[in-house]
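Trainee: this one's sequence-less:
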């Protein structure tokens, strides 16, 4: 289902992904989003599978996890409304790096790599802002991962 709700603009502009976009850039990207609904316990994406789209969380709650080489599932993070995920596959064109499971009924907006490329062709300024927003969020995640790693190292020193 294509996304057309008029109050959607305010929600999207408040997310890290769409911040700073012009009205026309936002309208263009909204026209490219597709709404996806998932029931509780549904797997949205699975680690290792090909990925050619990213998602913005409209409602619900999701759990992100990774498998160790031994096969144990390690929780990584939780996603809530306004968060986005799957952007790494759009940038590096690699398989999914984690599994994401809906913990509650969830509504997501999907943006495919093909649509993002269409944004590049139609509005380079909007495309640059989106990539900058993605990069900013990836930097935040890397800092949080560094902090967790440092905390683990510190606890291991005792």
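Mentor: It's in. Keep in mind it's a predicted model, so treat the numbers as computed, not measured.

Trainee: now for the longest helix belonging to the chain, which elements pack on it?
Mentor: Across the chain, the longest stretch assigned as helix under DSSP state H is helix 124-156. When contacts are defined as 3 or more CB pairs under 8 Å, 6 or more residues apart in numbering; DSSP states H and E, helix 124-156 packs onto helix 23-32, helix 87-92, helix 113-122. All C-beta atoms are positioned from the backbone trio N, CA, C, and that covers glycine.

Trainee: same question for that helix, mean pLDDT?
Mentor: Mean pLDDT, helix 124-156: 87.

Trainee: Going forward, the N-terminal residue is numbered 43.
Mentor: Noted, 43 is the first residue going forward, which turns the last one into helix 166-198.

Trainee: ok now that helix, how far from the chain's centre?
Mentor: 13 Å (CA atoms, centre = their mean, to the nearest Å).

Trainee: Next, the angle helix 65-74 makes with that helix.
Mentor: Relative orientation of helix 166-198 versus helix 65-74 (axes from the mean of the first three to the mean of the last three CA atoms, to 10 degrees): 70 degrees.

Trainee: Same question for helix 166-198: list its buried residues.
Mentor: The neighbour-count check on helix 166-198 (16 or more other CB atoms under 10 Å) flags 168-169, 171-173, 175-176, 179 as buried.

Trainee: Just give me the closest of those to residue 75.
Mentor: Proximity of those to residue 75 (CB to CB) peaks at residue 172, which lies at 12.2 Å.
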